[in-house]
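>>> Just need the structure, nothing else, for what follows:
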Amino acid sequence: GGIAGIGGNITGCYSTGTVSGAEYVGGIAGYIYSGYITNCAALNPTVTALTSGAGRVVGDIYGSGSSSGNIAYAGMTPGDGGVTFTTDTRNAGTGKSAGDLSTKAAYTGLGWDFDTVWEMGPGNGTYSNLPILKWQ
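A predicted model of the protein is given here:
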């Protein structure tokens with residue numbers, strides 16, 4: 001995954017790079033078993049799995065693992081690995097267009113904390129109008 005191969009407890013993160021692997025590949029984590037992914041943004045252009053388990057946010061969820069309040073770039077492509085994305089929203093997150101991703105409302109509607117954790121990035125540069133962690 002863009003943040004972790006095997007996710008534990010992941011909260012308040014984002015990933016923007018291309019991610020690829022053999023199986024269980026996601027924009028944030030490859031898979032989670034008993035942990036959770038909450039309020040993360042998978043803004044990756046491409047996530048590629050060669051054999052199985054591709055998801056915009058997480059490749060696969062096992063056991064008591066959970067995923068909530070996550071958002072993903074709807075234009076993300078599954079690359080040329082031959083594995084299509086799962087449509088389960090736990091794995092895929094809430095898909096948003098590039099335009100929607102630049103609005104604060106897209107995130108606050110999912111419970112993101114813009115009082116203490118996040119802020120919208122400046123209108124220029126790499127993370128133009130996307131959420132960034134306040135401490136960045």
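
>>> What sits closest to the residue most central in space within the chain if chain neighbours are left out?
Centrality entry for the chain: nearest residue to the mean C-alpha point is A42, 2.4 Å, by C-alpha atoms, centre = their mean. Distance criterion C-beta to C-beta, 6 or more residues apart in numbering; nearest residue to A42, sequence neighbours excluded, is G27 at 2.8 Å. From N, CA and C alone the C-beta is placed, and that goes for glycine too.

>>> cool, G55 as well?
N91 (3.4 Å).

>>> which residues touch Q136?
Counting by C-beta atoms under 8 Å, 6 or more residues apart in numbering, Q136 touches no other residue.

>>> quick one: it from L130, how far?
11 Å (C-beta to C-beta, to the nearest Å).

>>> Now do the end-to-end distance for stretch 47-62.
20 Å (C-alpha to C-alpha, to the nearest Å).

>>> ok, and for it, which residues are buried?
With burial defined by 16 or more other C-beta atoms under 10 Å, the residues of stretch 47-62 counted as buried are 47-49, 53-61.

>>> now do stretch 71-87
Result for stretch 71-87 [16+ other C-beta under 10 Å]: buried residues 71-73, 76, 78-79, 81, 83, 85-86.

>>> first to last residue in it, what's the distance?
13 Å.

>>> and if you look at stretch 58-67?
8 Å.

>>> which outside residues touch it?
So stretch 58-67 is contacted by 1, 7, 23-26, 28-38, 49, 53, 57, 86, 90-91, 93 (C-beta under 8 Å, 6+ apart).
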